[in-house]
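[1] Okay, structure incoming, though there's no sequence with it:
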């Protein structure tokens with residue numbers, strides 16, 4: 001019975017683990033800054049962007065003074081202090097981080113672009129899969145804003 005039980009458990013777990021692994025989603029090809037802009041948010045409510053034109057997705061950018069490189073370094077320290085965060089790309093003007101949810105390990109992509117001429121860091125944070133994120137991406141950016149030293153934008 002012991003061997004049969006283990007085999008049955010393995011057979012049941014394979015589809016479940018495949019489903020959960022599939023929920024992480026591949027890294028989107030639309031990440032990055034093109035002509036000073038991020039990709040627009042999809043129509044689903046699981047994305048916020050400082051460059052969005054609609055209120056449902058819009059969130060304020062982060063103001064900064066000084067160099068873009070110093071701002072990105074400061075932002076990188078804040079991002080890496082958050083739970084389950086990992087920096088994927090960091091340049092003098094751009095930061096891409098991945099955040100994983102605690103239980104199911106869903107991945108959200110957060111992007112930051114330091115526009116030195118405007119004195120702001122543009123932000124975009126989006127879930128890779130699903131429709132609703134229960135406001136997690138907005139809350140995350142507002143947590144970063146608070147640590148940056150600003151009151152929430154809403």
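    The structure has been received and is ready for your questions. Treat the numbers as computed from the prediction; the structure is a model and nothing was measured.
[2] Tell me the secondary structure at residue 65.
    coil (DSSP: H, G, I helix; E, B strand; the rest coil).
[3] Not counting sequence-adjacent ones, nearest residue to it?
    residue 119 (6.3 Å; C-beta to C-beta, 6 or more residues apart in numbering). In this view, the C-beta of every residue, glycine as well, is placed from N, C-alpha and C.
[4] Contact partners for that neighbour?
    Neighbour list for residue 119: 63-65 [criterion: C-beta atoms under 8 Å, 6 or more residues apart in numbering].
[5] Let's have those residues in a markdown table, adding neighbour count, pLDDT and distance to residue 90.
    Below are these laid out as a markdown table (neighbours: other C-beta atoms under 10 Å; pLDDT from 0 to 100; distance: C-beta to C-beta, whole Å):
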| residue | neighbour count | pLDDT | distance to residue 90 |
| --- | --- | --- | --- |
| 63 | 14 | 97 | 20 |
| 64 | 20 | 97 | 16 |
| 65 | 8 | 95 | 20 |
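[6] from those residues, which single one is nearest residue 25?
    residue 64 (30.7 Å; C-beta to C-beta).
[7] Show me what the helix or strand harbouring residue 95 is packed up against.
    Taking DSSP states H and E as the definition, residue 95 sits inside strand 94-100. On a contact count with 3 or more C-beta pairs under 8 Å, 6 or more residues apart in numbering; DSSP states H and E, strand 94-100 meets helix 68-80, strand 85-90, strand 107-115.
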